[in-house]
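J.: sequence below, structure please.
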Amino acid sequence: MIADDTLTLRYTPEQVEHFCRHLATHAPGSEQHLAALTALQTFIAAGVDAGEQARSPYLAIRQVLERHLEQARTLLLQHNTQRLLHALQQRDVSAVAALYRPLSRSGFWEALTYATAELEGPALAALAVWATAWVTDARQRGEQASGCPDAIDFHQAGIDVTEYSAMNDIQRFFGERQS
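T.: Residues are numbered from 1 along each chain as shown. Here you go, the predicted model:
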C-alpha cells in the first residue's frame with residue numbers, strides 16, 4: 001500500500017459531540033438514531049490504531065459516544081414503552097408484534113416491565129387473562145391445523161409466528177410476576 005492510497009481522518013471530541021447532536025436532530029426515528037450512533041462508534045473504533053486507543057483524545061471521543069448512545073437507548077426505551085402500553089391497552093396484537101420484532105427479548109421485557117408499571121391491578125389482571133386466552137386459542141388452532149399430536153402448524157392455522165411469540169412472552173411475563 002502506498003501513502004497515496006490511504007486516508008487519514010482526524011476527529012476531536014468536540015467534532016464528535018457536534019456530529020452526535022446533528023444525528024439526534026436529523027435521524028428519522030429513534031431506531032435509526034441509535035443505529036447511526038452505533039455505526040459511528042464502530043467506524044471510529046475500527047479506524048483507530050491500537051496505540052491510539054489508550055490516548056486521552058480517543059478516550060474522550062469514546063466517552064462522548066457512550067453518553068449519546070445511552071441517551072438514545074433511553075429515548076428509544078421510553079418511545080417503545082409508550083407504544084407498547086398503547087398496543088396493550090388497545091389489545092392490538094399486530095402492534096405488539098411490530099414492537100417485538102426489532103427488539104431483543106430482554107429489550108421487549110424491559111419495555112413490558114415499564115409499560116405495565118403504568119397500569120393498576122385490575123388492568124394488569126385483565127391483560128394477563130387476555131394474553132393467556134390469546135395464546136391458548138392460538139396453540140389450539142395450531143394443533144388442530146397440524147393434524148399431528150404435539151405439533152403446532154401456525155402457518156396452516158393462519159397465525160403469525162411473531163405475534164404468537166410476543167403474546168407468549170407477555171403471558172410468561174405475567175406468569176412470572178404471579179409466582
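J.: alpha carbons only for contacts and neighbour counts from here, please
T.: Fine.
J.: I'd say residue 64 and residue 16 touch.
T.: Yes. Counting by C-alpha atoms under 8 Å, residue 64 does reach residue 16; the two are 7.2 Å apart.
J.: against residue 40, how distant is residue 61?
T.: Residue 61 sits 11 Å away from residue 40, going by C-alpha to C-alpha, to the nearest Å.
J.: same question, residue 6
T.: Residue 6 sits 20 Å away from residue 40, going by C-alpha to C-alpha.
J.: residue 82 now?
T.: According to C-alpha to C-alpha, residue 82 stands 28 Å off from residue 40.
J.: and what of residue 121?
T.: For residue 121 relative to residue 40 (C-alpha to C-alpha), the value is 43 Å.
J.: more crowded one of these two?
T.: The neighbour comparison of residue 121 against residue 40 (other C-alpha atoms under 10 Å) goes to residue 40, with 16 against 10.
J.: and the helix or strand containing residue 74, what does it pack onto?
T.: Here residue 74 sits within helix 56-90, counting by DSSP states H and E. Packing partners of helix 56-90 (3 or more C-alpha pairs under 8 Å, 6 or more residues apart in numbering; DSSP states H and E): helix 13-26, helix 30-47, helix 93-100, helix 105-117.
J.: pull out the buried positions in the third one.
T.: If I follow you right, that is helix 93-100. Buried residues in helix 93-100, defined by neighbour count with 16 or more other C-alpha atoms under 10 Å: 93, 95, 96, 97, 98, 99, 100.
J.: neighbours of residue 122, how many?
T.: Counted with other C-alpha under 10 Å, residue 122 comes out at 9.
J.: again, but for residue 146
T.: Quick note: residue 146 (other C-alpha under 10 Å) scores 17 neighbours.
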